[in-house]
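Enquirer: Quick one, fold the following:
(2 chains)
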Amino acid sequence: MTKATIIIAAIVFLSGCKTTPMNLQQKFPGMYAEKPKSILVVPAINNTTAADANALYSTTIAPALAEAGYYVISVPLVNEMMALEGVIDGRQVQQIPYELYKSVYGADAVLFVSINKWDTDYMVISASVTVSLSYELISTTTGNVLWSSKQTVVQDTGSDSDNLLVNVLVTAVATAASDYVPIAREVNRRAISTLPVGAYHQHHAN
Amino acid sequence: MKLAPLFSVVFCLLLASCAQPNMYYWGNYSNTLYNVNKYGTDEHKQAHLKELRYIISKSRQSNKKVPPGIYLELALIEKHNGNQRRFEQYLAMESKLFPEAAQFIQMIKQREKHD
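Expert: Down below sits the predicted model:
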């Protein structure tokens, strides 16, 4: 092992750490031009048949965005206010002028999340849970799309017992009890790793 | 192979530099809120309230900022329970931590007047 090997290894590891800011800046120039600080997350657009996907998903997004350095306007409070107006799905607010999110809620940007898959596929001896989400962050000043991402995570929830009958039963039970939240969190994590960090993040550059 | 230990140290340092500690303490926030949304029983609401309070005390203990929205959720619960003074205190605390919340808090107060 030579010093050169170590240096090369170091470079490889360091470059693996983080997408370079230059790439993100080229990809999402609006984020750098507008530097949104506060984000309002509207109820998700549910494209699945899972009626509760929206309410369940909405519990995972605030921590993910906040850890990326953004002020997230309280998701449960926004959900409650919107529900009082009869809004339970993001589709219902797509036509609202973006400036209203600024003047009424004080949001610099509004996040639309579409739930494209939120379900369990049963096969005879195995099962898998799939969560697929797409994200679109829209400026409340210009109406431009500042950032977007699409992610899917498939998690195998089947068992690996030798007994077929036991397998079938265990698979059904394990999947029924399996929680979509950790999978949704992983989808968020992957998506938000492509979002330039916000003002509260230690790596934020002014 | 005298360099092997050195390589291990470099490797560990690099891995450590990649991992970032959480900015906020969230505890079981998503899980207790999930239960409120899914089941909506008083028991689950109490558990979530307890978690919100725990997040605040734990954040203070570890010198972290209380996460965005936690004080607002508490404020709303206090309002539902008729504790006007606490409701306003919690709104003020969120506002102090996050100036970006000002407009939203003003809106909450306006709605409150119309109730």
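
Enquirer: Could you pull up phi and psi at residue 42?
Expert: Let's take chain A. Here is the backbone geometry of residue A:42 (degrees, to the nearest 10): phi -80, psi 160.

Enquirer: Please refer instead to chain B.
Expert: Per degrees, to the nearest 10, the backbone of residue B:42 is at phi -60, psi -40.

Enquirer: Can you report how many residues lie near residue A:135?
Expert: Using other C-beta atoms under 10 Å in any protein chain shown, residue A:135 has 22 other residues around it. Using the backbone N, CA and C atoms, a C-beta is placed for each residue, glycine as well.

Enquirer: ugh, wrong one, residue B:79
Expert: Quick note: residue B:79 (other C-beta under 10 Å) scores 18 neighbours.

Enquirer: Next, work out how far apart residue A:43 and chain B are.
Expert: Between residue A:43 and chain B the distance, using C-beta to the nearest C-beta, to the nearest Å, works out to 12 Å.

Enquirer: Give me the pLDDT for the closest residue in space to that residue that isn't next to it in sequence.
Expert: Nearest residue to residue A:43 in three dimensions, chain neighbours excluded: residue A:90, at 5.1 Å (C-beta to C-beta, 6 or more residues apart in numbering or on different chains). Listed pLDDT for residue A:90 reads 92.

Enquirer: Quick one: the helices in chain B, in order.
Expert: B:4-18, B:29-38, B:42-61, B:70-80, B:84-97, B:102-114 (DSSP state H).

Enquirer: and the shortest one with helix B:42-61, angle?
Expert: Pointing back at helix B:29-38 there. 160 degrees (axes from the mean of the first three to the mean of the last three C-alpha atoms, to 10 degrees).

Enquirer: buried stuff in helix B:29-38?
Expert: B:29, B:30, B:31, B:32, B:33, B:34, B:35, B:36, B:37 (16 or more other C-beta atoms under 10 Å in any protein chain shown).

Enquirer: Redo these as CSV? Include distance to residue B:92.
Expert: CSV is the format used below for the buried residues of helix B:29-38 (distance: C-beta to C-beta, whole Å):
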residue, distance to residue B:92
B:29, 22
B:30, 26
B:31, 29
B:32, 25
B:33, 23
B:34, 29
B:35, 29
B:36, 25
B:37, 27
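
Enquirer: Next one: the residue of chain B found nearest chain A from residue A:60, what distance?
Expert: Of all residues in chain B, residue B:103 sits closest to chain A, at 2.5 Å by C-beta to the nearest C-beta. Applying C-beta to C-beta, to the nearest Å, the value for residue B:103 to residue A:60 is 25 Å.

Enquirer: which of these two has more neighbours?
Expert: Between residue B:103 and residue A:60, residue A:60 has the larger neighbour count (other C-beta under 10 Å), namely 25 against 16.
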